[in-house]
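Visitor: I would like to see how this sequence folds:
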Amino acid sequence: MARQKSFIGIFLILALLSGCATRPPVREEVKVDLTVPVGKIEENQFTGIRYPFKILAPSNWKITTEFPKFMVELGYDKEGLEESEVFVFNSATQSNIQIDFTPAGRYSTFSQERIEALTTVAMGSFKEELEKDYGKDVKAEIGPTTPFTLKGVPFAAKKYATYTLHGVKREQGWIYAFTEPYQIFILYMILEKEGSNDRQDLSKILESFQVINK
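Guide: Sure, this is the predicted structure:
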């Protein structure tokens with residue numbers, strides 16, 4: 001699913017273009033020490049070390065810093081998965097969430113309106129890419145761009161699409177957010193299988209997400 005990787009790439013390009021090198025920078029360059037562990041997992045809670053956030057998952061979900069192999073089988077781009085920091089998933093249903101933190105550029109500025117606009121633009125080619133990957137019989141319904149609340153995060157927006165593939169209805173969603181000095185990407189997929197509570201679980205997981213002030 002190359003669009004997962006390209007989705008983040010589009011955001012980064014747009015955010016970079018939104019800056020202007022002719023005026024003073026709005027922040028110092030952020031350097032990330034990749035030798036520092038991503039974070040620690042205790043029971044079903046992740047606490048970040050490399051990036052300042054934490055998240056809690058229900059007992060039937062798993063948190064890991066290694067991408068689950070089934071996500072490649074679902075169509076995700078392996079190279080893009082390797083760049084993600086944290087994965088949360090239900091192994092029984094294969095519903096999943098991936099989380100990426102990326103330092104913002106020195107000149108990039110953000111507001112709620114800009115975050116929502118970037119989210120809308122980045123979603124633009126989703127239908128075309130879905131049809132290219134799986135054929136024109138796969139039809140996607142695109143949801144609206146809406147503000148989203150994450151603890152410790154001033155600006156966030158969500159957009160999603162629903163479609164049916166191999167007889168299973170999927171909801172694929174993207175949350176784009178900013179808290180100084182990081183851009184945050186939360187990508188999720190819900191596979192609606194009979195008897196699962198994945199949609200409710202997803203809400204609880206996102207409600208537990210919190211950026212930690214250091």
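Visitor: V121: what secondary structure?
Guide: Per DSSP: H, G, I helix; E, B strand; the rest coil, the secondary structure class of V121 is helix.
Visitor: residues near it, how many?
Guide: 13 (other CB atoms under 10 Å). No exception for glycine: its C-beta is placed from N, CA and C like everyone else's.
Visitor: hey, C-alpha coordinates of stretch 150-164 in PDB?
Guide: Provided in PDB are the C-alpha atoms of stretch 150-164 (Å, rounded to 0.1, in the frame of the first residue of the first chain):
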ATOM      1  CA  LEU A 150      -5.400  14.500  21.100                       C
ATOM      2  CA  LYS A 151      -4.200  15.200  24.600                       C
ATOM      3  CA  GLY A 152      -1.300  17.600  24.700                       C
ATOM      4  CA  VAL A 153      -1.800  18.500  21.000                       C
ATOM      5  CA  PRO A 154      -3.000  21.900  19.900                       C
ATOM      6  CA  PHE A 155      -3.800  21.100  16.200                       C
ATOM      7  CA  ALA A 156      -5.100  17.900  14.700                       C
ATOM      8  CA  ALA A 157      -7.400  16.800  11.900                       C
ATOM      9  CA  LYS A 158      -8.900  13.500  10.800                       C
ATOM     10  CA  LYS A 159     -10.000  12.100   7.500                       C
ATOM     11  CA  TYR A 160     -11.100   8.600   6.500                       C
ATOM     12  CA  ALA A 161     -12.400   6.400   3.700                       C
ATOM     13  CA  THR A 162     -14.500   3.200   3.800                       C
ATOM     14  CA  TYR A 163     -14.500   0.500   1.200                       C
ATOM     15  CA  THR A 164     -15.000  -3.300   0.900                       C
END
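Visitor: average pLDDT for that stretch?
Guide: Averaging pLDDT along stretch 150-164 yields 95.
Visitor: buried stuff in it?
Guide: Across stretch 150-164, burial judged by 16 or more other CB atoms under 10 Å covers 150, 153, 155-163.
Visitor: same check on stretch 53-67?
Guide: 53-58, 61-63, 67.
Visitor: show me these that map onto strands.
Guide: Using DSSP state E, the subset of the buried residues of stretch 53-67 located in strands is 53-56, 62-63.
Visitor: of all the residues you listed, which comes closest to R106?
Guide: Ranked by distance to R106 (CB to CB), these are led by F53 at 22.1 Å.
Visitor: so for stretch 38-54, mean pLDDT?
Guide: 95.
Visitor: where in the protein is pLDDT low?
Guide: Scanning the chain for pLDDT under 70 picks out the ranges 1-22, 214.
Visitor: what about the helices in it?
Guide: Secondary structure of the chain (DSSP state H): helices located at 2-17, 69-73, 78-82, 112-122, 126-134, 198-208.
Visitor: quick revisit: make TSV from the buried residues of stretch 150-164 and add distance to G195 to it.
Guide: Listed next are the buried residues of stretch 150-164 as TSV, based on distance: CB to CB, whole Å:
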residue	distance to G195
L150	29
V153	33
F155	37
A156	31
A157	32
K158	26
K159	28
Y160	22
A161	24
T162	19
Y163	21
